[in-house]
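Engineer: coords please:
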Amino acid sequence: MWSASDAWLVVIDPQRIFADPDSPWGSPMFPSIVAPVRRLADDFGGRVIVTRWVAPRPAVGSWSAYLREWPFADVPADDPLFDVVDELRDLDAQVLSAPTFGKWGPELSAITGPAPRLVVTGVSTDCCVISTALAAADAGATLTVVTDACAGSTPENHRRALDVMALYPPQITLATSAEVRP
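Structural biologist: Predicted structure coming up:
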């Protein structure tokens, strides 16, 4: 399809808060994405970025109300809840923490360049993945969202988010992990 040598793999928020089935934000789909994410990370050989969502400090504007709604997540950035899951902790990756759903911004752009080719995986398809993809595409990035390496809050919400992102070609395309080969 294209060469991974000119692309960056972005693994959105593979954290305990989104993977633990006992977490209010745990995705039931998370276990199924670990193997495809690991394979892709190996293929991208160091051109990998793992993001982490952390609670905003201080929480201002809508974040104040959001964290009142979800007080369990209002913990410091070094809380184990925000740790990358054990299964993906050893990826050869740069780690970028941000207090926003979408991870596209000056920090990510500084690593990838202002108009990169991004291959996007992670959780949650219907929140942080879609927020990152739409902002990055709007800024000029070209994205491939790997459908079987993304986990939604539910299978239905995962599908809905993919359907929305499918409306953005050629800036955003959808592919399976088998179709993303260097």
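Engineer: Just the endpoints, please. Distance across stretch 9-27?
Structural biologist: 21 Å (Cα to Cα, to the nearest Å).
Engineer: Could you do stretch 99-108 as well?
Structural biologist: Stretch 99-108 has an end-to-end distance of 13 Å (criterion: Cα to Cα).
Engineer: can you pull out the strands in this structure?
Structural biologist: In the chain, the strands defined using DSSP state E lie at 7-12, 48-53, 94-98, 117-123, 142-151, 172-175.
Engineer: The third one - contacts with which helices or strands?
Structural biologist: Contacts of strand 94-98 with other secondary structure elements, assessed using 3 or more Cβ pairs under 8 Å, 6 or more residues apart in numbering; DSSP states H and E, are made with strand 48-53, helix 106-112. (Each C-beta comes from the backbone N, C-alpha and C, glycine too.)
Engineer: Could you tell me how far the last one lies from the centre of the chain?
Structural biologist: Right, the one you point to is helix 106-112. Centroid displacement of helix 106-112 relative to its chain, using Cα atoms, centre = their mean, to the nearest Å, is 15 Å.
Engineer: Mind giving me the packing neighbours of it?
Structural biologist: strand 7-12, strand 48-53, strand 94-98.
Engineer: most packed of those?
Structural biologist: With neighbours taken as mean count of other Cβ atoms under 10 Å, the helices and strands packed on helix 106-112 reach their highest mean count in strand 7-12, at a mean of 26.
Engineer: Rounded mean pLDDT for that one, please.
Structural biologist: Strand 7-12 shows a mean pLDDT of 97 in the predicted model.
Engineer: That concludes my questions; thank you for your assistance.
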